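Colleague: Below are the sequence and a predicted model for it; my questions follow.
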Amino acid sequence: EQQEKWVPRAVNMEIIGTYAQTELGHGTFLRGLETTATYDPNTEEFVLNSPTLTAYKWWPGGLAHTANHCVVVAQLHSKGVNHGVHPFIVQIRDEDTHMPLPGVKVGEIGPKLSFSTANNGFLGFDNFRVPRDSMLMKNAQVLKDGTYVKSRLSKLTYGTMVFIRVMIVTDMAYYLSVGATIAIRYSAVRHQSKPKENEPEPQILDYVTQQHKLFIALASSHAFRVTGQWLWTTFVRVNKALTSGNADTLPELHAVACCLKAVTTRDAASMVEACRMSCGGHGYMTSSYLPILYGITTAACTYEGENTVLLLQTARSLVKAWQKGSKGKPLSPTEAYLMDKSPVPKWENTLDGIIAGFRRVSAGKVQDCVSKIDKLVKMGTSYEDAWNQTSVRLVAASEAHSRAVILATFRAEVSRAAAALSPPLARVLHQLVHLYTVYWALERVGDLLLYTSIAERDVQELQQQYEDLLQKIRPNTVGLVDAFDLRDEILNSTLGAYDGRVYERLMEEALKSPLNAEPVNQSFHKYLKPFMQGKL
Ligand SMILES: CC(C)(COP(=O)(O)OP(=O)(O)OC[C@H]1O[C@@H](n2cnc3c(N)ncnc32)[C@H](O)[C@@H]1OP(=O)(O)O)[C@@H](O)C(=O)NCCC(=O)NCCSC(=O)/C=C/CCCCCCCCCCCCC(=O)O
Ligand SMILES: Cc1cc2nc3c(=O)[nH]c(=O)nc-3n(C[C@H](O)[C@H](O)[C@H](O)COP(=O)(O)OP(=O)(O)OC[C@H]3O[C@@H](n4cnc5c(N)ncnc54)[C@H](O)[C@@H]3O)c2cc1C
């Protein structure tokens, strides 16, 4: 009924909304949100109120000047009892005049690192009344007399965030494809230095260090697209089960969505920055789009769940799984490897060997965390303090788990798809899987040395494998980014345009600057000349 009321109006843009959960004082700790929604049975209304400055909603995208409605997350009070945070759909502006409604204080939060195209806003309520059906009642309800009917699973309130985290993994695949396209095309056009005096300046794409900076971004885009597809399929399956009242698989989805969102956003931000730096000074130009792209990807490390907090959520699940498995209870498919108690096998420099190695690292780290926590608790430390003292290791265990999931999924999905591809295309995609897997083995070689039987000669061989792969992928690099098929209008980049006219585009953009409107800028007469004449 509520969906019939609100969804059609949102679809036809009568309602422009945003998600108003975060407050000045709380973004992570949702149970600490201060906005209140108090039910008045006499008028069958909720009274929304921001009791403190820190209760003001702060950050929601489009809230400042675009949205006329929003989903407000508030502490629900009825019959004198606080039932915790619940979502409410609330009109905040007049649909004709767009003026804020009486009792609503709304505005712009100010300049940000990037995302200048979004008007993120603040929102405060002064005993603002909304009808009872403003409470989104899919999970929990408040009856006309104020009786609270609780949800069969309180965490369903957090469901929106799981959905967005699932989507973010695929978003990161897209952003990495943009960064890789811009940087690799530029690296094919840019010639620099003379390693061989009697030869012309080479393409910077032929420097192996440049390949090391860029090819992992290209491979990660494919790894995250494939993993994002797998995660979406998992989300759809869990959601279908939830609809029929079965919440058994929700904890696994929450845990894997948390660590994949955290790891893919962190990787995307750092690899986009590497793309920016690999383009030298021109990568620092706004017209390259790389600084904007960095601003977008680094924001994703914070929004929809700050990365450390989410990695600790996954760690909570891994520790619980270890404790469950140690009692012989079955574990979820993504965590089942934790109970592999077989002897550490002889190391193999193969994809399967490396994937198995990362699972050993994750299981070993989880076991070390459980041992440390148990030891601290036995010494009289509270569980919460023991958790906090172990939290750096817990984050590392969560990252290792996430990497094992990505490596295994990327390999399995490409192997499955390869049968339907032409042999040359299958070969190139396998090279990207191989590069991605060996890259991360070398990045985490310390962990592999701690938890597997990898030896020094294996590491030397992996380094050589990696350098051979850079050489094999080089001839197809431009073709691989062209295959992302990103139009120039979408790339929005002087460095990444398909025609490669980098220098002409840089100059064209420079000449658009208002500072080039006249040969002598007024600042000369107002400041420089008086200063030079000793008059300032
Ligand atoms: C989970 C918390 C951290 C803690 O919650 P809490 O209630 O305290 O729970 P715990 O005690 O930790 O755990 C209790 C149990 O609950 C389980 N649990 C927790 N969460 C979930 C869940 N979601 N689902 C299922 N189960 C859950 C947990 O496992 C425990 O179980 P058990 O007891 O162990 O069995 C919680 O506080 C939390 O989630 N905090 C994070 C808050 C958050 O995520 N906020 C997000 C706000 S919304 C937001 O940020 C929106 C952002 C939108 C950005 C949009 C960007 C636009 C992208 C497009 C860009 C376009 C670019 C173009 C630009 C250009 O070119 O110009
Ligand atoms: C670009 C952008 C868009 C956004 N859009 C929206 C939106 O549309 N709607 C919305 O509601 N919100 C939005 N947000 C807000 C976003 O969801 C919050 O910023 C995010 O949830 C982090 O919360 P916080 O800012 O309070 O940081 P905090 O939680 O205060 O984090 C600060 C530091 O404390 C650490 N920390 C916090 N809790 C713990 C813990 N338990 N254990 C260990 N460390 C901890 C964190 O790791 C972090 O290092 C947006 C934010 C950004 C940057």
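Modeller: Happy to help now that I have it. Ligands and ions are numbered 1, 2, ... in the order given.

Colleague: For the residue nearest to A299 when sequence neighbours are not counted, give me its contacts.
Modeller: Take A299 and drop its neighbours on the chain: the residue closest to it by C-beta to C-beta, 6 or more residues apart in numbering is F115, 6.0 Å away. For the C-beta atoms, the positions are set from N, CA and C on the backbone; glycine is no exception. For F115, the contacting residues are G61, G295, I296, A299, taking C-beta atoms under 8 Å, 6 or more residues apart in numbering as the criterion.

Colleague: and V90, which of the three is it?
Modeller: Assigned with DSSP: H, G, I helix; E, B strand; the rest coil, V90 falls in the strand class.

Colleague: Check G107 too.
Modeller: What three-state DSSP gives for G107 is strand.

Colleague: give me the number of residues near it?
Modeller: 15 (other C-beta atoms under 10 Å).

Colleague: what residues does the stretch 101-250 of the chain put near ligand 1?
Modeller: Within the stretch 101-250 of the chain, the positions adjacent to ligand 1 are T117, K155, Y158, M161, V162, L250 by C-beta under 6 Å from any ligand atom.

Colleague: Can you say which of those are buried?
Modeller: Restricting these to buried positions leaves Y158, M161, V162, L250, with burial counted as 16 or more other C-beta atoms under 10 Å.

Colleague: Output the residues you listed in JSON lines, with distance to F224 appended to each entry.
Modeller: Listed next are these as JSON lines, based on distance: C-beta to C-beta, whole Å:
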{"residue": "Y158", "distance to F224": "23"}
{"residue": "M161", "distance to F224": "19"}
{"residue": "V162", "distance to F224": "18"}
{"residue": "L250", "distance to F224": "23"}
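
Colleague: who are the neighbours in contact with the residue nearest the centre of the chain?
Modeller: For the chain, the residue nearest the mean C-alpha position is T265 (3.7 Å; C-alpha atoms, centre = their mean). Contacts here follow C-beta under 8 Å, 6+ apart; on that basis T265 touches I168, M172, T297, A300, C301, N307.

Colleague: Do a quick rundown of the strands in the stretch 51-200 of the chain.
Modeller: Along the stretch 51-200 of the chain, counting by DSSP state E, counting those that start in this stretch, strands occupy 57-58, 69-78, 81-91, 104-108, 121-125, 128-131, 141-142, 148-149.

Colleague: Include distance to L376 when you put the ones you listed into TSV, please.
Modeller: Below are the strands of the stretch 51-200 of the chain laid out as TSV (distance: least, C-beta to C-beta, whole Å):
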stretch	distance to L376
strand 57-58	36
strand 69-78	34
strand 81-91	31
strand 104-108	46
strand 121-125	41
strand 128-131	47
strand 141-142	43
strand 148-149	39
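
Colleague: Go through those and name the closest to Y451.
Modeller: For those, proximity to Y451 was assessed by C-beta to C-beta; strand 81-91 is nearest, at 39.8 Å.

Colleague: got a list of contacts for the closest one?
Modeller: Here strand 81-91 makes contact (C-beta under 8 Å, 6+ apart) with 2, 6, 17, 20, 30-31, 33, 37, 46, 48, 68-77, 101, 128, 130, 134-136, 140, 148, 150, 154, 157, 160.

Colleague: Roughly how far does the residue lying closest to P202 once chain neighbours are set aside sit from L528?
Modeller: Counting by C-beta to C-beta, 6+ apart, the nearest residue to P202 once its immediate chain neighbours are dropped is H191, at 6.4 Å. Using C-beta to C-beta, to the nearest Å, we find H191 at a distance of 38 Å from L528.

Colleague: got it, and A64?
Modeller: A64 sits 37 Å away from L528, taking C-beta to C-beta as the criterion.

Colleague: how about the residues of the stretch 251-400 of the chain near ligand 1?
Modeller: Contact residues of the stretch 251-400 of the chain with respect to ligand 1, defined by C-beta under 6 Å from any ligand atom, are listed as P251, H254, I296, Y303, E304, G305, V309, Q313, R316, K320.

Colleague: Read off the pLDDT value for the closest residue in space to L48 that isn't next to it in sequence.
Modeller: Nearest in space to L48, with sequence neighbours left out and distances taken as C-beta to C-beta, 6+ apart, is F125 at 4.1 Å. Per-residue confidence for F125 comes out at a pLDDT of 98.

Colleague: I'd like the numbering to begin with 338 instead of 1 from here.
Modeller: Okay, using 338 as the starting number, the last item reads as F462.

Colleague: Tell me what F462 is bridged to.
Modeller: The bridge-partner assignment for F462, based on DSSP bridges, gives V441.

Colleague: And the helices in the stretch 388-537 of the chain?
Modeller: According to DSSP state H, counting those that start in this stretch, the stretch 388-537 of the chain carries its helices in the segments 496-526.

Colleague: does any part of stretch 634-642 sit near ligand 2?
Modeller: Yes - for stretch 634-642, a contact with ligand 2 is found by C-beta under 6 Å from any ligand atom, at A636, T639, Y640, G642.

Colleague: returning to what we had before: and the residue nearest to P539, how many residues sit next to it?
Modeller: H528 - counted by other C-beta under 10 Å - has 13 other residues nearby.

Colleague: how close does H767 get to F695?
Modeller: Using C-beta to C-beta, we find H767 at a distance of 19 Å from F695.
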